[in-house]
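Asker: Provided below are the primary sequence and the corresponding predicted coordinates.
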Amino acid sequence: MKGKRAPFLILAGLVIAVQLVTTLTGTEFYLTQLIMAALYSIVVIGLCLLMGYAGQISLGHAGFFAIGGYTAATLTTLNLFPYRATFIVRLLEKSGLILSDTNSWGAEILYLSPWLSLVAALLISGSVAFLIGIPVLRLKGHYLAMATLGFGTIVYRIALGSAIFGEADGISDVPGFPLLGGLIIDGSRSQRVFCYYFVWVLVLGLLTLVSNLVDSRSGRALRAIHGNEEAAEAMGVDTSRLKLYLFVLSALFATIAGVFLTHYNGGLGPSEAGVMKSVRYVAIVAVGGMASLWGTLSAGILLNFLSLRGYFGSLDDAVFGSVLIAVMLFAPQGILRHFRPNRSAEEKAQKKKSEKSQPQTEKEKSHGAP
Amino acid sequence: MSWELIVQYIFSGVTSGIIYAIVAIGFNIIYNTTGIINFAQGEFLMLGGMIAVSLAAVLPLPLAILLSVLITAAVGGFVQIACIRWLKNPNVLQMIIITIGLSILLREVALHVWDEKVRSLPYFTGTAVSSIKILGAYVSPQVLWVLGVCSGAVLLLNAFFGHTLTGRAMRACSANPLAATLCGINEKNMVTLSFVISAAIGALAGCVISPIAQTHYECGTPLAIKGFTVAILGGLGNSTGAVVAGILLGLIEAFSISVLPMAYKDIIAISILLAVLFFRPTGLFVRRELGALKEF
């Protein structure tokens, strides 16, 4: 048990150390990109669960991210002031679910509490994932990839083509997300250190959740699905239900990231729903080694941080494309695996085994080929 | 809706339909020899158009198009040799990710070699404003070029796969790679050849549609999604099915514009794709028993 906790403690230590170093050296601006990178890696952790453990690809996760972001942005930028007299608005105001503020012209505006919109976003995204997941997860391979890509494209087109979502401009002036005691998730300087810690606590919490899930009975069932779906089914694993739960869960992860990043940035545009974003998430999971939560997290933080700081310049997409190809060609098990001595010994043992059973698989192949 | 308007819609639907069919056939050629879907298929159209536009500045148009088709075919062969040919037993997920990576790289290369501007080839005959009156509708001569070249390409491909030794060898690889190898067919070369041919077909289509649809470094992906829809609708690997399905989708899209806003045009195609995947993944024209043998 002690060994399991060690990476969490190391990560927590690193998070605190980075904050102290940046504050002491006056380079706190790095925290901004670290906050955003951490939020993006929440999406990737969810996707890692789906791709690495259940073996199902999704090229539509930017769609769920955007559903979260757009729901939060639309609901919290809707001015309810003209409807103040109506019963529902009065009721919500009494129960503290409506906040008021003044806009840049000094007029009073009323808007829904971001807490309410977070719940709405999770509900909407969760039900969409559930409804889409039932038919989509029956597909495999290319068909699954194309169907999820299609879903992502539909979300993108709707965001781009609807006036309520601001078309190509997206939505701006999204208010901050208020937490207890006057602390707010937004892009202001005074809240930066707080936001940094909040986001990392969120990441650590979700990671704990996921790593417990992976080691549980359902986690083992999931890996069985990845290994061989038919065999898992024969052993009594309800594969379709587990896959669906996991799909919804990973969609919710993307939604949470979308909601908080939108509040942090104060807005979002349709490019967040674009295919390129989904491909990026897949690329990061691939670099991390598909079924490695810590590998995925490190790859997610590193690549997103470099990309957000603008180190790749106009080659941003090209970097992700090359990374995808290079990893798949030279290290399909992920980069980290090449640096872990005990892991490579394990692989060697596996290789020997597979070499021994080679003639049999060869026979099977010729028999089973269409 | 007046008669002339209906004819106009039919022409525009058939034109985009035949383009989708060509993209779908590009998917089919590679799928037939390897069983993989090449997500970079749309980028071959884009490359074909881009190269032809650049060459047309210094060369006569037919020569520019011919050279562009040859260059794109070489690029298709090159990416296959560099990124796919030497892999041992790659799994499907790996192939999907590699071809997606290739599509991003080709697009980024195009962005950096050229730029983000929209380009187009000159009209093959006449100009942008010239039109021919057919059955009361006004049709650009370029539309006839698109229809002619694409149908010609489909017929040629059918003849190639049906009646030449190489074409039949490629089909043998798709039916049973091991048996084909035992018969002395070099399977790896056939797979490379399938990438070359589908890149060439894509480039040709990219050239003929350039005057009316414009060429842009990002124009490949939407075409690829439509092409995939059509390939699925017609049944993966079935070229005749792809032509029928392509025209069907083109017509549905053309008529949908009269009811729905333009911005939602792509949503219709993708919804059809999703519906077919969910309810009839074998495609519209394949008997169910036959389809049950395939894996989805």
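Answerer: Perfect, I can see it now. Computed from a prediction, not measured in an experiment: that's the story for all the values here.
Asker: Low-confidence bits of the chain, can you list those?
Answerer: Reading this off chain A. A:1-3, A:104, A:334-370 (pLDDT under 70).
Asker: looking at chain B here, not the other one
Answerer: For chain B, the ranges with pLDDT under 70 are B:1, B:285-296.
Asker: can you give me the helices for it?
Answerer: Counting by DSSP state H, chain B has these helices, from start to end: B:3-34, B:41-56, B:61-83, B:92-113, B:141-163, B:165-175, B:177-182, B:187-213, B:220-233, B:239-256, B:265-279, B:288-291.
Asker: Take the ones you listed and lay them out in JSON lines including distance to chain A.
Answerer: In this view, the C-beta of every residue, glycine as well, is placed from N, C-alpha and C. Compiled in JSON lines, the helices of chain B are given as follows (distance: least, C-beta to the nearest C-beta, whole Å):
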{"stretch": "helix B:3-34", "distance to chain A": "9"}
{"stretch": "helix B:41-56", "distance to chain A": "11"}
{"stretch": "helix B:61-83", "distance to chain A": "6"}
{"stretch": "helix B:92-113", "distance to chain A": "3"}
{"stretch": "helix B:141-163", "distance to chain A": "18"}
{"stretch": "helix B:165-175", "distance to chain A": "7"}
{"stretch": "helix B:177-182", "distance to chain A": "5"}
{"stretch": "helix B:187-213", "distance to chain A": "12"}
{"stretch": "helix B:220-233", "distance to chain A": "6"}
{"stretch": "helix B:239-256", "distance to chain A": "13"}
{"stretch": "helix B:265-279", "distance to chain A": "4"}
{"stretch": "helix B:288-291", "distance to chain A": "12"}
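Asker: Of all those helices, which one is nearest residue A:245?
Answerer: Judged by C-beta to C-beta, the one of the helices of chain B that comes nearest to residue A:245 is helix B:265-279, at 19.7 Å.
Asker: for the closest one, which positions count as buried?
Answerer: For helix B:265-279, a neighbour-count test (16 or more other C-beta atoms under 10 Å in any protein chain shown) marks B:265, B:266, B:267, B:268, B:269, B:270, B:272, B:273, B:274, B:276, B:277 as buried.
Asker: who touches it?
Answerer: Identification of contacts with helix B:265-279 by C-beta atoms under 8 Å, 6 or more residues apart in numbering or on different chains yields A:135-136, A:138-139, A:143, A:146-147, A:150-151, A:153-154, A:157-158, B:222, B:225-226, B:228-229, B:232-233, B:249, B:252-253, B:256-257, B:260, B:283-284.
Asker: Any quick PyMOL command for the buried ones out of those?
Answerer: With 16+ other C-beta under 10 Å as the burial test, the buried ones among the contacts of helix B:265-279 are selected in PyMOL as follows:
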select buried, (chain A and resi 136+138+139+143+146+147+150+151+153+154+157+158) or (chain B and resi 222+225+226+228+229+232+233+249+253+256+283)
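Asker: who's in contact with residue A:28?
Answerer: Residue A:28 sits in contact with A:22, A:192, A:193, where contact means C-beta under 8 Å, 6+ apart.
Asker: how would you label the first one: helix, strand or coil?
Answerer: Using DSSP: H, G, I helix; E, B strand; the rest coil, the secondary structure recorded for residue A:22 is helix.
Asker: doesn't residue A:33 make contact with it?
Answerer: No - contact between residue A:22 and residue A:33 fails when scored by C-beta atoms under 8 Å: they sit 11.0 Å apart.
Asker: got a list of what the residue in the stretch 151-300 of chain A that chain B sits nearest to touches?
Answerer: Nearest to chain B, among the residues of the stretch 151-300 of chain A, is residue A:161, at 3.1 Å (C-beta to the nearest C-beta). Residue A:161 is in contact with A:167, B:261, B:263, B:264, counting by C-beta under 8 Å, 6+ apart.
Asker: how far away is the second one from residue B:25?
Answerer: So that's residue B:261. Using C-beta to C-beta, to the nearest Å, residue B:261 is found at 31 Å from residue B:25.
Asker: Same question for residue B:64.
Answerer: Residue B:64 sits 23 Å away from residue B:25, going by C-beta to C-beta.
Asker: Those two - which one has more neighbours?
Answerer: The neighbour comparison of residue B:64 against residue B:25 (other C-beta atoms under 10 Å in any protein chain shown) goes to residue B:25, with 30 against 20.
Asker: just checking, that one touches residue B:154?
Answerer: Yes - Residue B:25 is within contact range of residue B:154, at 6.7 Å (criterion: C-beta under 8 Å).
Asker: what is in contact with these two at once?
Answerer: Joint contacts of residue B:25 and residue B:154 (C-beta under 8 Å, 6+ apart) are B:239, B:243.
Asker: give the contact list for the spatially most central residue of chain A.
Answerer: Centroid check for chain A by C-alpha atoms, centre = their mean gives residue A:43 as the closest residue, at 0.6 Å. By C-beta under 8 Å, 6+ apart, residue A:43 lies in contact with A:61, A:65, A:253, A:254, A:257, A:258, A:281.
Asker: Which one of those residues sits in the busiest neighbourhood?
Answerer: residue A:65 (34 neighbours).
Asker: Distance of the closest residue to that one other than its chain neighbours relative to residue A:251?
Answerer: Of all residues not flanking residue A:65 in the chain, residue A:258 sits nearest, at 4.0 Å (C-beta to C-beta, 6 or more residues apart in numbering or on different chains). Computed as C-beta to C-beta, the residue A:258 to residue A:251 distance reads 10 Å.
Asker: Over to residue A:37?
Answerer: 21 Å.
Asker: quick one, which of those two is more surrounded?
Answerer: Set side by side, residue A:37 and residue A:251 show more neighbours around residue A:251, with 31 against 20, by other C-beta under 10 Å.
Asker: show me what contacts that one?
Answerer: Counted by C-beta under 8 Å, 6+ apart, residue A:251 has contacts A:46, A:61, A:64, A:125, A:126, A:128, A:129.
Asker: That one and residue B:194: what is the separation?
Answerer: For residue A:251, the distance to residue B:194 (C-beta to C-beta) stands at 36 Å.
Asker: Over to residue A:9?
Answerer: For residue A:9, the distance to residue B:194 - C-beta to C-beta - is 53 Å.
Asker: between these two, who's got more neighbours?
Answerer: Taking residue A:9 and residue B:194 together and counting by other C-beta under 10 Å, residue B:194 has the greater number of neighbours (25 against 10).
Asker: State the distance from the residue nearest to the more buried one when sequence neighbours are not counted to residue B:170.
Answerer: Nearest-residue entry for residue B:194: residue B:33, 4.1 Å, with adjacent residues in sequence omitted and distances by C-beta to C-beta, 6+ apart. Residue B:33 sits 5 Å away from residue B:170, going by C-beta to C-beta.
Asker: list the residues that contact both of those two?
Answerer: The contact lists of residue B:33 and residue B:170 share B:190, B:193, B:194, where a contact means C-beta under 8 Å, 6+ apart.
Asker: So the last one sits against residue B:30, correct?
Answerer: Yes - the pair residue B:194 / residue B:30 is scored as a contact, 5.1 Å apart, by C-beta under 8 Å.
Asker: thinking again about what came up before, and the residue nearest to residue A:65, what helix or strand is that in?
Answerer: Using DSSP states H and E, residue A:258 sits within helix A:239-265.
Asker: Can you name the element that comes right after that helix?
Answerer: strand A:267-268.
Asker: Just give me how far the helix or strand just after that following strand sits from the chain centre.
Answerer: Downstream of strand A:267-268, the first helix or strand assigned by DSSP H and E is helix A:275-288. On the basis of C-alpha atoms, centre = their mean, to the nearest Å, helix A:275-288 sits 10 Å off its chain's mean C-alpha point.
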